[in-house]
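Asker: only the shape, not the letters, is given here:
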DNA sequence: CGTTCGCCATGAAACTGCTCGTCGTCGAGG
DNA sequence: CCTCGACGACGAGCAGTTTCATGGCGAACG
């Protein structure tokens, strides 16, 4: 499993990293919240182990920020405080478990295994909406104003991405990366093309346009 | 943020420049180390993105030279070699991070944000305010007194700069440099023109004027 | 073979920088 | 203290350039 450990105390960090490494996991270690945020946004981890108290950006804020960006990687908080309130805070922020320091390594290991095996995408959100547009991710259907809309796979993926970031501008580059998995190749206008096709089905037959062009930046849906 | 990209492959360079531009950064692009050295010595950049292999002067030597001249601008190396030794060389030369090609753009972006040591973007929702005026950088929207205002890209960039330096006078030269990327003063009054357009949208429809003229100096917003 | 997708070429629209005429402000001289 | 000239600021309109939208075509895929 691919794990991220965020812990500022070098002794603890090394202790954890070493132990998990010996169990055959791939472990990345960082000592502050800011770097961890950047890393976790860029890389897909199975589980994160996060200290509550961190320099730059504390563990709670870190996980909140990740959740806001739709990163659902399970998190285990390490905390030296044992109050119940802290625990609640942690879970509310989207963390999935917590451990009070000092802890037995075996316990940490067991919880990581448990979380890692958990079916991912536990996000109960299977329907995305914007105004009168609805997308059902399970049925793979899209309707607007009650009328069914047929989308090709690529169009569906594109619309899904826009809806998942409703209200926020998505740059061409972001779309290329997350919908097309393309890392280079600016010499193409696939995005424009598919936006056009999407609009033909989603916007043109209706009154109000939902997909907005933000010149010089990208596209946005809703709001 | 003001960024310098040094990359000799035009495709990659354009890809990077475009992506970062879409995120609202000001990007300068050069294709060889010698020019980059000169430029980086003359201009204050927030972060540099440097290819390891460059004509004239390779990336490693470039950064070493800069460090010798006490230029501490953080650098990210791009390398097609994945050996650990190369990484170590890079870090030893004063580079702050490295990326192996091919890389995901999001990763580059995240690292640039991290290195730019901008006071942490906590909730990924960056909003600039002045009185009843609000600018949401993620949504790319501007509202005043609850009413939505549509701005053109250049107007948006201009207002953003003013807001980032709220209360401080911004001279024409400063604005030309950071909003227009112009370092010498051509006999132009673009600034006045765009200030005027901005006012027409942001100030005129409302009671109180927010954008102040400081005769003989420049412009200021708020306070 | 039909569907889907990416690319190209074309046309349309948006954006931006400039010019230019007017207006307001400041300072010097009467 | 008033007048006049100079300079900067302002804003409308115009035209070049860039960006975006869209229809058609061929390749890939099953």
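Answerer: On my side now, so go ahead. Just so it is clear, the structure is predicted and the values come from calculations on it, not from any experiment.
Asker: could you chop chain A up by domain?
Answerer: A:2-117, A:127-221 (automatic domain parsing).
Asker: excluding its backbone neighbours, what's nearest residue A:216?
Answerer: If the residues on either side of it in the chain are set aside, residue A:216 comes closest to residue B:153, at 3.9 Å by C-beta to C-beta, 6 or more residues apart in numbering or on different chains. C-betas here are computed from N, CA, C, even on glycine.
Asker: residues near the one you found, how many?
Answerer: A count of neighbours around residue B:153, defined by other C-beta atoms under 10 Å in any protein chain shown, yields 13.
Asker: do you know how far it is from residue A:117?
Answerer: As judged by C-beta to C-beta, to the nearest Å, residue B:153 and residue A:117 stand 48 Å apart.
Asker: what packs against the helix or strand hosting residue A:62?
Answerer: When elements are assigned from DSSP states H and E, residue A:62 belongs to helix A:59-68. Where contact means 3 or more C-beta pairs under 8 Å, 6 or more residues apart in numbering or on different chains; DSSP states H and E, helix A:59-68 is packed against helix A:33-42, strand A:47-51, strand A:75-79.
Asker: relative to strand A:75-79, how tilted is the first one?
Answerer: Okay, so that is helix A:33-42. Angle of helix A:33-42 versus strand A:75-79, following axes from the mean of the first three to the mean of the last three C-alpha atoms, to 10 degrees, is 170 degrees.
Asker: so for helix A:33-42, what gets flagged as buried?
Answerer: Of the residues in helix A:33-42, A:33, A:34, A:35, A:36, A:37, A:38, A:39, A:40, A:41, A:42 count as buried by neighbour count, 16 or more other C-beta atoms under 10 Å in any protein chain shown.
Asker: secondary structure class for residue A:3?
Answerer: Recorded secondary structure, residue A:3: strand (DSSP: H, G, I helix; E, B strand; the rest coil).
Asker: thought it was touching residue A:43?
Answerer: No - with contact defined as C-beta atoms under 8 Å, residue A:3 does not count as touching residue A:43 (10.9 Å).
Asker: between those two, what contacts are shared?
Answerer: Between them, residue A:3 and residue A:43 share these contacting residues under C-beta atoms under 8 Å, 6 or more residues apart in numbering or on different chains: residue A:28.
Asker: ok, the residue nearest to residue A:216 - contacts?
Answerer: Counting by C-beta under 8 Å, 6+ apart, residue B:153 makes contact with A:215, A:216, A:217.
Asker: same deal with residue A:36?
Answerer: Contacts of residue A:36 (C-beta under 8 Å, 6+ apart): A:4, A:6, A:30, A:48, A:50, A:54, A:57, A:62.
Asker: quick revisit: got the helices and strands packed on helix A:59-68 as TSV, with mean pLDDT and distance to residue A:170 columns?
Answerer: Output for the helices and strands packed on helix A:59-68, formatted as TSV (pLDDT from 0 to 100; distance: least, C-beta to C-beta, whole Å):
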stretch	mean pLDDT	distance to residue A:170
helix A:33-42	84	15
strand A:47-51	89	25
strand A:75-79	81	26
